Structure formats: C-alpha cells, structure tokens
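Peer 1: One predicted model, sequence on top.
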Amino acid sequence: MLDLLQEQSEWFVMQDQMIAPGIYRVKNEKLLSDSLDERVAAKDKIRVSENSYPIDELFGINVYEGQHLNTGKTIHFTLGEIYK
C-alpha cells in the first residue's frame, strides 16, 4: 500500500525528499494543525514554499508543512493527501 502511495505522488517530490514549491489542493477534509476548531475542506488550496523538506515521519510516511490559503494557517500533510 505504501508503494502505491509513493508512486502516485513521486512526480512532485524532488531530490532529498523535498516537495516542489507551489499551490496544491487537499484531497479530503482535515483539521488545521494549530487549532482543531477550523477545518480544511476538500479541494482547498495550500501553498508549499521553497525548500520544503519533511518535518517528520509517521509510520514511514513523510509529513510536510504548508500554508492553508483561506486562513493563512499552518497545515501538516502527507503526499497522499494532496494533488496538483
């Protein structure tokens, strides 16, 4: 299962597991990282800045950080949760 996830998202991962900067969309609804009150809706846009390397790893999957464009707040995500 993890191999399938990695294959589908490899095209926007650069060297050293850095994610390519730009605007991405969230596949499914999720909560913002700093407050569990506000939600990120499916298809909301997030901005990934330059030099975005994984900030952590969870069950062997890299976790990245971006900015939710609607609220300007930080969101944490894995590659399987976003699309271009």
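Peer 2: Received the coordinates, thanks.
Peer 1: what's the distance between the lengthiest strand in the chain and the middle of its chain?
Peer 2: In the chain, taking DSSP state E as the definition, the longest strand is strand 61-68. Relative to the centre of its chain, strand 61-68 is centred 4 Å away, using CA atoms, centre = their mean, to the nearest Å.
Peer 1: which other helices and strands contact it?
Peer 2: Helices and strands touching strand 61-68, by 3 or more CB pairs under 8 Å, 6 or more residues apart in numbering; DSSP states H and E, are strand 45-48, strand 56-58, strand 74-77. Glycine gets a C-beta too; all of them are placed from N, C-alpha and C.
Peer 1: Enumerate the positions of that strand that are buried.
Peer 2: 62, 64-66, 68 (16 or more other CB atoms under 10 Å).
Peer 1: from the residues you listed, which is closest to residue 30?
Peer 2: residue 68 (9.8 Å; CB to CB).
Peer 1: The closest one against residue 40, yeah?
Peer 2: Yes - counting by CB atoms under 8 Å, residue 40 is a contact partner of residue 68 at 5.6 Å.
Peer 1: what touches both of these two?
Peer 2: Contact with both residue 68 and residue 40 is made by residues 32, 46, 75, according to CB atoms under 8 Å, 6 or more residues apart in numbering.
Peer 1: looking at this, residue 16 is in a strand?
Peer 2: No - under DSSP: H, G, I helix; E, B strand; the rest coil, residue 16 falls outside any strand and is assigned helix.
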